[in-house]
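**Student:** need coordinates for the following:
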Amino acid sequence: MAKPALVANNAKGAPAAVPAAAPKKKKPLLLILAILVILLAGGGGAAWWFLRGGHDAPAQAATAKPPLFHALEPFTVNLLEENGDHYLQVAIVLQVEDDKVIDQVKAYLPIIRNKILLLLSSKKPSDIGSQDGKQRLVSDILRVTRESLPGTTPERGVTSAYLGAFVIQ
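**Tutor:** Residues are numbered from 1 along each chain as shown. A predicted model of the protein is given here:
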């Protein structure tokens, strides 16, 4: 059954004209869709830019090289007497710039080992037992290693020194 349509009457009793349904506006919907597309494209472009590391990433990857290390044979020395006899066993790893420096270290190894042995045996257990003492020891090892190598630069190709093992007994 069809429902009867309601018709409003104006003051004179005549039926009022029912306005036709206004056409829906599509412009705001298109504008919102366009803004979404722009934001998504911009966000995707920004993500691509940052994830690939910017425009300098290939140049940086080509110039970055992994560190080069050279491990020295372990050292075992008697420490200066302090509350009894103590000895130190330590392994040292040098970080160097290139293979040429490793060849130099090998060529001057007797001098390097001698200076490091003298340095280590001049320490008391209390001098090198703390974290600060170990850091000072590494700095001293680096200094005497560099002094043992020929060259005009202070580093002489040895960039750092590390403790590979450290035992005081």
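**Student:** please make it C-alpha for all contacts and neighbour counts, starting now.
**Tutor:** Fine.
**Student:** do you know the pLDDT at residue 50?
**Tutor:** Residue 50 carries a pLDDT score of 70 in this model.
**Student:** can you tell me the element it falls in?
**Tutor:** Using DSSP states H and E, residue 50 maps to helix 27-51.
**Student:** which residues are contacting stretch 141-150?
**Tutor:** Contact with stretch 141-150 is made by 104-105, 108, 111-112, 115-116, 119, 154-156, 158, 160-161, as judged by Cα atoms under 8 Å, 6 or more residues apart in numbering.
**Student:** let's see 6 Å
**Tutor:** With contacts defined as Cα atoms under 6 Å, 6 or more residues apart in numbering, stretch 141-150 is touched by 112, 156, 161.
**Student:** among those residues, which ones are in strands?
**Tutor:** Within these, residues falling in strands by DSSP state E are residue 161.
**Student:** ChimeraX command for the buried members of the contacts of stretch 141-150?
**Tutor:** Typed into ChimeraX, the next command selects the buried ones out of the contacts of stretch 141-150 (criterion: 16 or more other Cα atoms under 10 Å):
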select :112,156,161
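**Student:** what's the first helix or strand after the helix or strand bottoming out on mean pLDDT in the chain?
**Tutor:** Ranked by mean pLDDT, DSSP states H and E, the weakest helix or strand in the chain is helix 57-63, scoring a mean of 58. Taking DSSP H and E as the definition, the helix or strand that follows helix 57-63 towards the C-terminus is strand 68-71.
**Student:** okay, buried residues for that following strand please.
**Tutor:** If you call a residue buried by 16+ other Cα under 10 Å, then strand 68-71 has these buried ones: 69, 70.
**Student:** can we start the residue count at 92 from this point?
**Tutor:** Yes, from this point I'll number from 92; that puts the last item at strand 159-162.
**Student:** what's the mean pLDDT across that strand?
**Tutor:** 96.
**Student:** quick one: low-confidence ranges for the chain?
**Tutor:** Low-confidence segments of the chain, defined by pLDDT under 70: 92-117, 139-140, 144-153.
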